[in-house]
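Undergrad: From the sequence below, what's the structure:
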Amino acid sequence: MYHSTNFDSWIEQNEAYYESKSISPENFSKFPFKNGLNKGDIILLTNHKFPEIGDIMVFNADARHPLIHRVISLDPIATKGDNNLAQLPIEKSISESNVLGKSSVRIPLVGWVKLIFFEPFRSPSQRGFCS
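TA: Numbers count the residues shown, from 1 in each chain. Okay, the predicted model is just below:
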């Protein structure tokens, strides 16, 4: 969900992909958290089993941790990480039973309180943004 540039630069780089999903830059600019999320942000979820296009949703994906990605399709429910070049196979058809909720509030940087104690102990390949 991390954007390495400002919104205008980011959408310019990703416009073709989202337009192929019928999501225009104007639509995207109205989405919640249009600038993505950053490592260290705390996200509060609402128990929202019926996401809307553009929501940032948390779901179980048979991975080590739940994924938090943006909804790009409703039939089937599908997501894509804003910082990913393409969808992951597990994002293309998400069962409603795997939806944990949608992001409703972002509290920037507060999560770093925990991360500064754990990040140094992670292997170098696991450190940094979106890892």
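Undergrad: Could you pull out the strands in the chain for me?
TA: 42-46, 56-59, 67-74, 77-80, 99-107 (DSSP state E).
Undergrad: Contacts for the first one, please.
TA: Outside strand 42-46, the residues within contact range by Cβ atoms under 8 Å, 6 or more residues apart in numbering are 37, 56, 58, 68, 100-107, 110-111. Heads up, the C-betas are built off the backbone N, CA and C, glycines and all.
Undergrad: now do the last one
TA: By Cβ under 8 Å, 6+ apart, the surrounding residues in contact with strand 99-107 are 32-33, 37, 41-49, 51, 55-60, 66, 68, 77.
Undergrad: about what we covered before: now a ChimeraX select for only the buried ones of the contacts of strand 42-46.
TA: In ChimeraX syntax, the buried subset of the contacts of strand 42-46 is picked out as below (16 or more other Cβ atoms under 10 Å):
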select :37,56,58,68,101,102,103,106
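Undergrad: for this protein, what are the low-confidence residue spans?
TA: For the chain, applying pLDDT under 70 flags the ranges 1-4, 127-131.
Undergrad: ok, back up a step: between the strands of the chain, which gets nearest to Ile90?
TA: Ile90 lies closest, by Cβ to Cβ, to one member of the strands of the chain: strand 67-74, at 7.6 Å.
Undergrad: partner strands of the closest one, parallel or antiparallel?
TA: strand 56-59 (antiparallel), strand 77-80 (antiparallel) (DSSP bridges).
Undergrad: can you give me the helices for this structure?
TA: 7-20, 25-29, 112-118 (DSSP state H).
Undergrad: wait, which of those is closest to Gly81?
TA: Per Cβ to Cβ, nearest to Gly81 of the helices of the chain: helix 7-20, 11.1 Å.
Undergrad: which residues touch the closest one?
TA: 3-5, 24-25, 28-29, 34-36, 72, 80, 82, 86.
Undergrad: of those residues, closest to Gln126?
TA: Ser4 (18.7 Å).
Undergrad: what about Trp10, how many neighbours?
TA: Trp10 has 19 neighbouring residues, counting by other Cβ atoms under 10 Å.
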